[in-house]
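Q: Sequence plus the predicted model coming up.
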Amino acid sequence: MRRKTVIIGLGVLVLLGAAMLVMIVPSEEPIEVLGALSKREVRDIRIAVQRKIQPKILPDLSMQSLREAPGIILGRYTKPLPKIWRIEGRNREFAAVIARGPANPNGYRYVFWCVFKETNTWWAGDEYLLKEYGSRSDTNR
């Protein structure tokens, strides 16, 4: 009887671990890549944009950061974020990233970032909202 309980307990732990992995590790959606970008460059560009989308939870240990941390954590899991749809490598130092976001009350559906290559990494610039991809009616967020 004791052995059966241990086996059931281990089975439950394995199922809980698998459920946690499914919830924590996001599934990657396919991204359209244009231009001569390597897999590593695409990964680095995605990381730069993710840093821009998701603020750091604790950038420092000030009281303001400690007070804001629970809201940032909650927002990270409840607020829908834009999904990267296309990465366009314009040249070796510049790439454009277009993402589809949730519908905005003003009608903006796409988000655009200019991503620049620094010495060892990529850096995402300002964020622009677009009503349609390729439209001129954009606004800086």
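A: Here it is on my side, so go on.
Q: Could you tell me which helix of this structure is the longest one?
A: Selection of the longest helix in the chain by residue count, based on DSSP state H, yields helix 2-24.
Q: buried set for stretch 69-88?
A: 82, 84-87 (16 or more other Cβ atoms under 10 Å). To be clear about C-beta, it is placed using only N, CA and C from the backbone, and glycine gets the same treatment.
Q: nope, stretch 95-111 is what I was after
A: By neighbour count with 16+ other Cβ under 10 Å, stretch 95-111 contains the buried residues 95-99, 101, 108-111.
Q: any idea which element the residue nearest to Phe94 when sequence neighbours are not counted lies in?
A: Among residues not flanking Phe94 along the chain, Phe116 sits closest, at 5.9 Å (Cβ to Cβ, 6 or more residues apart in numbering). Using DSSP states H and E, Phe116 sits within strand 110-117.
Q: Quick one: name whatever helix or strand follows the longest helix of the chain.
A: With DSSP H and E, the next secondary element past helix 2-24 is strand 32-34.
Q: ok so, going back, who touches the residue nearest to Phe94 in this structure?
A: Contacts here follow Cβ atoms under 8 Å, 6 or more residues apart in numbering; on that basis Phe116 touches 93-94, 122-123, 125.
Q: Quick check: bridge partners of it?
A: With beta bridges defined as DSSP bridges, Phe116 has these partners: Phe94, Trp123.
Q: hmm, back to that, closest to Ile8 among the contacts of Phe116?
A: Trp122 (48.4 Å; Cβ to Cβ).
Q: How about the closest one, nearest residue that isn't a chain neighbour?
A: Nearest residue to Trp122 in three dimensions, chain neighbours excluded: Ala48, at 4.2 Å (Cβ to Cβ, 6+ apart).
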